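Student: coordinates only, no sequence provided:
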Ligand SMILES: [Zn+2]
């Protein structure tokens, strides 16, 4: 058991909104994750607190988003009619318009701000907002289920207080909105591991996107081919993300912990399991750098519940029984989930596809070592440990 102070941000209002029955994004995920944490006894640990949150302020929203876009979001949110405005990315299949839409987005972003505030002002070592990680929102455009870019808003607040931040994004999709926000800044190092954008949303996140001006060398992208499995994913993390975070040595790490990388996710083609996910959580914790953790994608509800429970246990230094608690099995069985185990076996993808994915990741790593490493590693001293 560790003696760090940790906070889980949880509003009883999470899950009281809906993107619609047909939409893959289900807000029920937060409740399922919380039930699993509860069943494991992870909500009554020494040093941890559960904190409520408020909607994010307009002032912080306008530190990134355009006033016209926000006005339109609020107008649509208050309306009972079906509305659309494609200039702002509103009303398509990905970003539906529903009543209370703005309140839902502002609450999620407020929870991320609260996580950042607890770490920055109240001495928490780690704060976790499951209902965050809306990394595709742009200044004046909703995209990929994201309306307000909570990570950008919280990081803007931290940077205004003089902090240097690493933003690490392990969602299956490129963290495009966050990269864009800090593309010309060396105060925020963004690192995104994701399925390659060649044929995949949002179509960005290649190795040559390295930043501009003062930010040149502070945007890092590892595009991964379909069928990238646990060992390849850990390789990308160990050879790119880990040494860069260690060398940059930020005041705070903000992570987007999407779970749509899992091989059982219905929307993506990476083949990750709880094995590499747990491994990365352990390595992040070991940095002992104040940590703001956010949820993200994940369209199999049991994957989000299991992965975020694993993450929260790791953050609190608790080892979990690999068999799911009986009470939780009883809850999920009627929902159609046959799972009995918290953990997946480590997974290797099929040989031919794996060889292609291995070649691709080796080429990406080599390119990043050539373009990005010299600036960050020479600028901030040598790496200790690996
Ligand atoms: Zn995603």
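Tutor: Perfect, thanks for sending it. Here the structure is a predicted model, which means the values were calculated and not measured.
Student: CA only for contacts and neighbour counts going forward, please
Tutor: Fine.
Student: okay, now the unreliable bits of the protein?
Tutor: By pLDDT under 70, the low-scoring segments of the chain are 1-3, 380-386.
Student: for it, what spans make up the strands?
Tutor: Chain-ordered strands for the chain, with DSSP state E as the definition, fall at 6-9, 48-51, 126-129, 165-169, 188-195, 219-224, 252-256, 291-294.
Student: which one, of the ones you listed, ends up nearest to residue 67?
Tutor: With distances scored as Cα to Cα, the stretch of the strands of the chain nearest to residue 67 is strand 188-195 (24.2 Å).
Student: just the residues contacting the closest one, thanks.
Tutor: Here strand 188-195 makes contact (Cα atoms under 8 Å, 6 or more residues apart in numbering) with 164-175, 178-179, 182, 205, 218-226, 236-237, 241, 248, 261, 268-270.
Student: distance of residue 287 relative to residue 365?
Tutor: Using Cα to Cα, to the nearest Å, one obtains 22 Å as the distance from residue 287 to residue 365.
Student: for the two, indicate the residue with more neighbours.
Tutor: Counted by other Cα atoms under 10 Å, residue 287 and residue 365 do not tie: residue 365 has more neighbours, with 19 against 14.
Student: picking that back up, ok, of the contacts of strand 188-195, which come out buried?
Tutor: The neighbour-count test (16 or more other Cα atoms under 10 Å) applied to those identifies 164-175, 178-179, 182, 205, 218-226, 236-237, 241, 248, 261, 268-270 as buried.
Student: tell me, which of those make contact with the ion?
Tutor: Among these, the residues within reach of the ion (Cα under 5 Å from the ion) are 171-173.
Student: want to try CSV for the strands of the chain, with distance to residue 98 as columns?
Tutor: What follows is the strands of the chain, written out as CSV (distance: least, Cα to Cα, whole Å):
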stretch, distance to residue 98
strand 6-9, 24
strand 48-51, 27
strand 126-129, 23
strand 165-169, 28
strand 188-195, 29
strand 219-224, 33
strand 252-256, 25
strand 291-294, 24
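Student: mind checking how far residue 27 is from residue 112?
Tutor: Spatial separation of residue 27 from residue 112 under the definition Cα to Cα is 16 Å.
Student: which one's more surrounded, those two?
Tutor: Neighbours were counted for residue 27 and for residue 112 using other Cα under 10 Å; residue 112 has more, 35 against 16.
Student: that one contacts residue 149, correct?
Tutor: No: assessed by Cα atoms under 8 Å, residue 112 is found out of contact with residue 149, at 9.9 Å.
Student: for the residue in the stretch 201-350 of the chain that the ion sits nearest to, give its distance to residue 338.
Tutor: Residue nearest to the ion within the stretch 201-350 of the chain: residue 297 (4.2 Å; Cα to the ion). With distances defined as Cα to Cα, the gap from residue 297 to residue 338 amounts to 22 Å.
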